[in-house]
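Engineer: quick one, fold the following:
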Amino acid sequence: VLGDIIVIGAPVESGDSSSSALAPNNNAYAAGAAYVFSRTGTTWTQEAYLKASNAEGSDTFGSSVSISGSTAVIGAPGEQGDSSSSSASPNNTAGGSTGAAYVFVRNGTSWSQEAYLKAFNAESNDRFGSSVSISGNTIVVGAHVESGDLTSTTTSPNNNAWAAGAAYIFVRTGNNWSQEAYLKASNAGSQDFFGSSVAISGDIVAVGAEGEDGSALGSGAAYIFVRTGNNWSQEAYLKAPNAWLSDQFGYSVAVAGTTVAVGARQERGDANSSELLYNYNAPLSGAVYIFARSGTSWDQESYLKAFNAEGGDVLGHSVALSNDFAVAGAPNENGDALASGAAYVFEFASPSVETFSSATSSAGLTGSGALPMATPFDDGVPNLLKYAFNMNLAGPDTRSLANGGTSGLPRGRIHESGGQTYWRIEYLKRTSGELVYSPEKSTSLSPGSFVPLTGAGTETPINSEWTRVIIDEPIDFPTTPRLFSHVEVTFP
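Structural biologist: A predicted model of the protein is given here:
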């Protein structure tokens with residue numbers, strides 16, 4: 001959809017190349033078609049019935065569609081022409097499911113085919129055209145069963161990794177389209193299905209690889225490519241932080257500006273799963289992950305779940321982005337009937353930054369009971385520490401942080417690695433900058449004896465509000481028989 005124009009694919013429609021809106025036929029089973037609708041006021045009417053110039057049975061033209069301005073691209077992953085096949089002289093010599101993509105342009109209310117796109121290395125079963133996307137004068141086409149490994153190039157293609165997948169970039173000059181790039185994943189492997197989804201916005205392309213095995217078999221990945229001049233390079237390799245077996249992260253992708261949405265339709269979290277505490281209670285419920293670009297880095301911004309998430313819903317089967325909205329499809333959702341399906345609209349809202357004052361107010365604390373060092377519930381833990389370590393301000397809470405937990409006072413323990421003994425301290429830190437966290441150590445607990453920890457530390461973002469800090473302080477028991485540590489928290 002673009003403004004007042006919608007393009008809809010019907011890949012199993014059975015009209016041959018002579019089928020028209022005035023005289024349709026069913027002479028070519030699953031040749032496929034696409035339909036264009038336009039809006040006037042609140043009324044939608046069919047404007048065009050699009051057929052491939054070489055339409056034949058099982059081409060499945062319309063399996064993927066995309067529109068930008070007055071140009072539409074339609075994928076036909078079942079088409080059989082080899083790399084020499086052309087609009088003027090099409091052939092079927094490559095065999096089934098080689099694939100093609102077709103470009104149509106609008107003039108007034110009339111649509112005509114402008115180009116017939118083929119992969120330079122077209123082969124049977126590549127399924128070129130299984131995904132398409134267009135932005136301005138640039139088109140990206142996915143061929144998720146293409147079999148080149150990571151060394152495969154335009155000048156020296158190979159078939160060393162079955163179904164590793166590929167994506168192809170085409171650009172328009174005048175009314176001529178030519179291939180600009182052949183994209184491969186940096187870690188291309190067999191059955192990654194790179195190209196199962198593609199999306200483009202300006203000079204940024206996202207490509208999904210639902211079968212990628214980086215964290216777990218079939219967990220999936222998405223890849224970001226950027227263009228400089230006419231050269232494309234991989235900028236990012238995106239993974240779900242809770243990646244699991246067969247999640248199919250990358251089954252769908254969308255790009256809008258510098259924001260990317262990635263669907264993982266077999267993700268397992270239930271409606272309570274969150275960035276603070278992921279769970280795996282609802283297999284195949286599905287999820288959508290939002291990533292945002294900062295410089296050349298891509299960071300996860302949101303983890304989207306259906307409010308009524310249930311196993312088998314497959315949220316993230318499809319995704320779309322526009323401005324501050326994301327839409328995700330869940331074709332197996334059971335709201336009114338078994339697998340009747342649903343779509344969910346999510347709106348981005350700038351999060352309000354919590355402060356100590358707003359947190360104590362929300363907890364119902366007032367007067368002297370709301371002061372930083374107050375302990376209104378007589379549990380020995382001041383309000384400031386509860387606020388600093390994501391604890392309950394509205395009641396007694398003396399918990400220590402569990403291993404990998406998301407709430408509690410700092411935790412210290414002995415840690416062995418590489419023959420060295422460490423004192424490991426782990427704590428949560430607010431990212432707002434409102435507080436200063438000072439991890440310190442002492443061997444005596446004497447006043448003034450605490451000094452800063454000097455061990456190596458790592459900080460891992462949990463979400464936009466919280467970071468996990470782990471510091472490993474080397475210790476030598478013969479010379480340091482005891483060690484105390486704390487994290488001092490102050491306002492700047």
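Engineer: beta partners of the closest residue in space to Trp466 that isn't next to it in sequence?
Structural biologist: Excluding the flanking residues, the one nearest Trp466 by C-beta to C-beta, 6 or more residues apart in numbering is Leu428, at 5.5 Å. Quick note: C-beta positions are derived from backbone N, CA and C, even for glycine. Beta-bridge pairing for Leu428 (DSSP bridges): Arg468.
Engineer: residues contacting Leu428?
Structural biologist: Contacts for Leu428 (C-beta atoms under 8 Å, 6 or more residues apart in numbering) come out as Ala388, Phe389, Asn390, Leu401, Thr406, Ser407, Gly408, Ile462, Trp466, Thr467, Arg468, Val469.
Engineer: the first one and Val489 touch, don't they?
Structural biologist: Yes: here Ala388 reaches Val489: they are 4.4 Å apart, a contact under C-beta atoms under 8 Å.
Engineer: neighbour-wise, which of these two wins?
Structural biologist: Ala388 (25 against 20; other C-beta atoms under 10 Å).
Engineer: quickly list what the most centrally placed residue in the chain is bridged to.
Structural biologist: Geometric centre of the chain, nearest residue: Val262, 2.3 Å, by C-alpha atoms, centre = their mean. Per DSSP bridges, the residues bridged to Val262 are Val253, Tyr289.
Engineer: and it, how far from Leu238?
Structural biologist: Look at Val262 and Leu238: by C-beta to C-beta, to the nearest Å, they are 6 Å apart.
Engineer: intersection of neighbour lists for the two?
Structural biologist: Common neighbours of Val262 and Leu238 (C-beta under 8 Å, 6+ apart) are Ala222, Tyr289, Phe291.
Engineer: quick one: residues contacting the residue nearest to the centre of the chain.
Structural biologist: 206, 208, 222, 238, 240, 249-250, 252-253, 288-289, 291, 316, 319.
Engineer: and if you look at Pro396?
Structural biologist: Phe377, Asp378, Asp379.
Engineer: list just the nearest of the residues you listed to Ser446.
Structural biologist: Lowest distance from Ser446 to these (C-beta to C-beta) belongs to Asp379, with 26.8 Å.
Engineer: from Arg411, how far out is that closest one?
Structural biologist: Asp379 is 18 Å from Arg411, where distance means C-beta to C-beta.
Engineer: in TSV: the shared contacts of Val262 and Leu238, plus neighbour count and pLDDT.
Structural biologist: Below are the shared contacts of Val262 and Leu238 laid out as TSV (neighbours: other C-beta atoms under 10 Å; pLDDT from 0 to 100):
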residue	neighbour count	pLDDT
Ala222	32	98
Tyr289	26	98
Phe291	21	96
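Engineer: mind listing what's buried along the one helix or strand Glu426 maps to?
Structural biologist: Using DSSP states H and E, Glu426 falls within strand 420-430. Residues Tyr422, Trp423, Arg424, Ile425, Glu426, Tyr427, Leu428, Lys429, Arg430 are the ones in strand 420-430 that count as buried (16 or more other C-beta atoms under 10 Å).
Engineer: isn't the second one up against Thr480?
Structural biologist: No: here Trp423 lies out of contact with Thr480, judged by C-beta under 8 Å, at a distance of 9.0 Å.
Engineer: now stretch 140-160: average pLDDT?
Structural biologist: Across stretch 140-160, pLDDT averages out at 97.
Engineer: return the distance of that stretch from the chain's centre.
Structural biologist: In terms of C-alpha atoms, centre = their mean, to the nearest Å, the centre of stretch 140-160 is found 23 Å from the chain centre.
Engineer: for stretch 170-183, same thing?
Structural biologist: That offset, for stretch 170-183, works out to 26 Å (C-alpha atoms, centre = their mean).
Engineer: buried residues, it. List them.
Structural biologist: Phe170, Val171, Arg172, Trp177, Gln179, Glu180, Ala181, Tyr182, Leu183.
Engineer: and the helices in this protein, which stretches?
Structural biologist: 356-362, 383-388 (DSSP state H).
Engineer: out of these, which comes closest to Ala101?
Structural biologist: Shortest distance between Ala101 and the helices of the chain, using C-beta to C-beta, is found for helix 356-362: 52.5 Å.
Engineer: and that closest one, what does it pack onto?
Structural biologist: helix 383-388 (3 or more C-beta pairs under 8 Å, 6 or more residues apart in numbering; DSSP states H and E).
Engineer: quick one: average confidence on the helix it packs on?
Structural biologist: Across helix 383-388, the average pLDDT comes to 97.
Engineer: how about the contacts made by the closest residue to Asn230 other than its chain neighbours?
Structural biologist: Of all residues not flanking Asn230 in the chain, Glu180 sits nearest, at 5.7 Å (C-beta to C-beta, 6+ apart). If you count contacts by C-beta under 8 Å, 6+ apart, Glu180 has them with Thr138, Ile169, Phe170, Val171, Asn230, Trp232.
Engineer: can we see that at 10 Å?
Structural biologist: Residues in contact with Glu180, defined by C-beta atoms under 10 Å, 6 or more residues apart in numbering, are Thr138, Ile139, Val140, Tyr168, Ile169, Phe170, Val171, Arg227, Asn230, Asn231, Trp232.
Engineer: inside strands: which ones of those residues?
Structural biologist: Residues of those located in strands (DSSP state E): Thr138, Ile139, Val140, Tyr168, Ile169, Phe170, Val171, Arg227, Asn231, Trp232.
Engineer: distance of the fifth one relative to Pro24?
Structural biologist: Going back to what we said before, that points to Ile169. 34 Å.
Engineer: touching, Ala209 and Gln234? I think so.
Structural biologist: No: with contact defined as C-beta atoms under 10 Å, Ala209 does not reach Gln234; the gap is 11.9 Å.
Engineer: pLDDT wise, what is the spatially closest residue to Gly263 that is not a sequence neighbour at?
Structural biologist: Closest residue to Gly263 apart from its sequence neighbours, by C-beta to C-beta, 6+ apart: Gly316 at 2.8 Å. On the pLDDT scale, Gly316 is placed at 98.
Engineer: alright, calling it a day.
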